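Asker: structure for the following, please:
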Amino acid sequence: MKERGFSHLDGDAAISAACAGITDWEEKKAAEERAIEAESLRYRAERDAAAEAIVRRRKAAADGVTKMSFLSPGDLYERDRDILEGIDPDPPVVADVPCVSSLVFRLSSARTPADFEQATTVAGADHNVVVVGAGHGLPGHRFYLVYDAWANSLSAIPGLPSPFGAGPIGYGVAVLRHASPGDYVLANILLSYTGGDGGYLRFPTANDADLWTWWSSGPSARRWIRKPVILPPETCTATYIFHADTTFSMGGNTLCWADLLIGIVACDMLAAADEPAFRFIPLPEACSSKPTEARHHRYGGARLPEERRSMCCGGDGGVIWFVSIDDGEHPNDLTLTTWSLTMAPELKQWKQEAAFSIGDLVYSDELIKKTPPPQLPPLKAPTWPVHSIVDDDVVFLYLAEVKSIHPTSINMERYMVSVNVRRREVFAIFEYPSDGLPPPPFPPRIMPSNLSCYLNKTLCPTT
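Answerer: Predicted coordinates:
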């Protein structure tokens, strides 16, 4: 926004002026609607002009991102190609803790449909490859944008075909970077549903599924390939269907789909490319839910599993980390627990690494010296825990502190804190900028990644 040289939509003064002196309620409401529409048109025209100027300037630059499109001609081909042309990454900022690295993609609003930004999310990441799901589509997204930080390239890949009677095992796509830094495979699992009464789709009663893959290289590259597969029996019971809350790669050859209520479905993508074989890895017994309990938590609970749990692979791909925040003995008491599962020589039992009450968590003396306590948020009700993929003793927690509530907005300060689980102390804190996240109360989507290792580094700001 700052680069484009214009401010956010803020037409309160114009709207108030348009309604001044009007006493009739219906007339005032009509005047307000006209003023809002006029202000929106003015704002969009200003934004489009600035965005087009930026696109022209970046196209003229010699060091811009390389773009490739693998989209097939169709009804939305021209529009989607324009969207790709209007996207460019800013120079990345890579920093050490407690600074936060950033990679920002700028979109030309003149080339972007109004609903595009709301339907665009990070679908997956592995090493130097980040996949962004773009636009609404069935199943999943209309197409995917694959950014390779190593090559500074951006590719547009079509979304999955939409066969009737099939649904994705989770939201997003699994990503595995393999072989040379530029080779990758995208994968998604679609469950097969049977027809029910009245034309509705029933729960699948078998473990039949389709594995869809997109390989960036090789004899079957650059097209979606479908392979019928059989999933482990734990993924589909009479009362619960496996749902992938997150995906990650393991050991450079395996993709994992993790249901944070019951366990992991894993597949060695390289060894079993012709005949994919899946195995099920249950969660630690203390954290695993029975099918009926999992169904209640997922569909009848007050929060998403990701708000309290996460999973990733660290230790150069040799250790699976699982972190969970659970209710304690008292209503306001929360317990944080970390678990590890080592691969070599084969997957053994989960090992509990750390466990403590959130109430015992404190700020480190060094951090207090830098930031006096009145300026530090209270360490209560943290959510969206994420385990570090490079440090065995570090977990990141999301904190949100409501400052004020207005009829149409919420004033909220949001932080990411770095926790040493052995010492039970916060050693770093970062406050999110208000214009860099979804509006409150919606939290950011947080996933571990070592993408910053592949970005061109710049100095961390000192302010």
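
Asker: what sits against the nearest residue to Pro291 once chain neighbours are set aside?
Answerer: Spatial nearest neighbour of Pro291, excluding adjacent residues (CB to CB, 6 or more residues apart in numbering): Tyr240 at 3.7 Å. C-beta here means a position set from N, CA and C on the backbone, and glycine is covered the same way. The neighbours of Tyr240, taking CB atoms under 8 Å, 6 or more residues apart in numbering as the test, are 262, 291-292, 294-295.

Asker: using TSV, lay out the residues you listed together with distance to Glu306, secondary structure and neighbour count.
Answerer: Formatted as TSV, these follow (distance: CB to CB, whole Å; DSSP: H, G, I helix; E, B strand; the rest coil; neighbours: other CB atoms under 10 Å):
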residue	distance to Glu306	secondary structure	neighbour count
Ile262	14	coil	25
Pro291	20	helix	17
Thr292	21	helix	12
Ala294	14	helix	23
Arg295	17	helix	17
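
Asker: how about a markdown table for these, with pLDDT and distance to Val130 added?
Answerer: Output for the contacts of Tyr240, formatted as a markdown table (pLDDT from 0 to 100; distance: CB to CB, whole Å):
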| residue | pLDDT | distance to Val130 |
| --- | --- | --- |
| Ile262 | 93 | 28 |
| Pro291 | 75 | 34 |
| Thr292 | 76 | 37 |
| Ala294 | 79 | 30 |
| Arg295 | 76 | 33 |
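
Asker: that older thread, can you pull the phi/psi pair for the residue nearest to Pro291?
Answerer: phi -150, psi 140 (degrees, to the nearest 10).

Asker: distance of it from Glu234?
Answerer: 9 Å (CB to CB, to the nearest Å).

Asker: kindly report the same for Val390.
Answerer: To Glu234, Val390 is 31 Å away according to CB to CB.

Asker: more neighbours, the two?
Answerer: More crowded of Val390 and Glu234, by other CB atoms under 10 Å: Glu234, with 17 against 11.

Asker: confidence score at the closest residue to that one other than its chain neighbours?
Answerer: Once flanking residues are discounted, Glu234 sits nearest to Phe280: 4.6 Å by CB to CB, 6+ apart. For Phe280, the pLDDT comes out at 93.

Asker: quick check: mean pLDDT of stretch 121-140?
Answerer: The model assigns stretch 121-140 a mean pLDDT of 78.

Asker: where does Asp82 land in three-state SS?
Answerer: Classification of Asp82 using DSSP: H, G, I helix; E, B strand; the rest coil returns helix.

Asker: tell me, how many neighbours does it end up with?
Answerer: The burial count for Asp82: 15, using other CB under 10 Å.

Asker: distance of Lys67 from Ile87?
Answerer: Distance from Lys67 to Ile87, by CB to CB: 8 Å.

Asker: quick one: the residue lying closest to Ser449 once chain neighbours are set aside from Tyr147, how far?
Answerer: Distances taken as CB to CB, 6+ apart put Ala125 closest to Ser449, at 4.6 Å, once the chain neighbours are dropped. Going from Ala125 to Tyr147 by CB to CB gives 9 Å.

Asker: likewise Thr335?
Answerer: 38 Å.

Asker: what does Trp339 give?
Answerer: Computed as CB to CB, the Trp339 to Tyr147 distance reads 32 Å.

Asker: for Asp393, same thing?
Answerer: Counting by CB to CB, the gap from Asp393 to Tyr147 is 31 Å.

Asker: any idea how this protein splits into domains?
Answerer: The domain map for the chain lists 1-62, 303-432, with the assignment taken from automatic domain parsing.

Asker: so who does Gln349 touch?
Answerer: Applying CB under 8 Å, 6+ apart, the residues near Gln349 are Leu341.

Asker: could you check how many residues crowd around Pro91?
Answerer: 11.

Asker: sorry, that was for Trp215
Answerer: For Trp215, using other CB under 10 Å, the count is 21.

Asker: now do Met250
Answerer: When neighbours are defined as other CB under 10 Å, Met250 has 21 of them.

Asker: quick one, what contacts it?
Answerer: With CB under 8 Å, 6+ apart, Met250 has these contacts: 256, 266, 313, 317, 320, 343.

Asker: likewise for Pro377?
Answerer: Contacts of Pro377 (CB under 8 Å, 6+ apart): 399, 401, 413, 415, 429.

Asker: which SS state does the last one fall under?
Answerer: Spelled out, that is Ile429. Following three-state DSSP, we place Ile429 in the strand state.

Asker: go ahead and confirm it touches Tyr415.
Answerer: Yes: judged on CB atoms under 8 Å, Ile429 makes contact with Tyr415 at a distance of 5.7 Å.

Asker: now the stretch 301-450 of the chain, which segments are flagged as low pLDDT?
Answerer: 301-302, 315, 317, 329-332, 344-345, 347, 408-409, 435-443 (pLDDT under 70).

Asker: can you give me the pLDDT of the closest residue to Trp350 other than its chain neighbours?
Answerer: Spatial nearest neighbour of Trp350, excluding adjacent residues (CB to CB, 6+ apart): Pro284 at 4.1 Å. As predicted, Pro284 sits at a pLDDT of 94.

Asker: can you tell me the SS state at Pro284?
Answerer: Pro284 - assigned by three-state DSSP - is coil.

Asker: more crowded one of Asp393 and Tyr147?
Answerer: It is Tyr147, of Asp393 and Tyr147, that has more neighbours when counted by other CB under 10 Å, with 21 against 14.

Asker: so how far is Pro161 from the more buried one?
Answerer: 23 Å.

Asker: let me know the helix or strand that Asn188 is in.
Answerer: Using DSSP states H and E, Asn188 maps to strand 183-192.

Asker: who are the packing partners of that strand?
Answerer: Here strand 183-192 is seen to pack against strand 141-148, strand 166-168, strand 174-178, strand 208-215 when contacts are counted using 3 or more CB pairs under 8 Å, 6 or more residues apart in numbering; DSSP states H and E.

Asker: so where do the helices sit in the protein?
Answerer: 12-19, 25-60, 77-85, 291-300, 365-370 (DSSP state H).

Asker: can you tell me what sits against the last one?
Answerer: Right, the one you point to is helix 365-370. Residues outside helix 365-370 that contact it (CB under 8 Å, 6+ apart) are 376, 426-429.

Asker: chain center to that helix: distance?
Answerer: 32 Å (CA atoms, centre = their mean, to the nearest Å).

Asker: buried stuff in that helix?
Answerer: Leu367 (16 or more other CB atoms under 10 Å).

Asker: hey, C-alpha coordinates of it in PDB?
Answerer: Extracted in PDB, the C-alpha atoms of helix 365-370 (Å, rounded to 0.1, in the frame of the first residue of the first chain):
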ATOM      1  CA  ASP A 365      15.100 -11.500  32.300                       C
ATOM      2  CA  GLU A 366      16.800 -10.400  29.100                       C
ATOM      3  CA  LEU A 367      13.500  -9.700  27.400                       C
ATOM      4  CA  ILE A 368      12.200  -7.800  30.400                       C
ATOM      5  CA  LYS A 369      15.300  -5.500  30.300                       C
ATOM      6  CA  LYS A 370      14.600  -4.700  26.600                       C
END
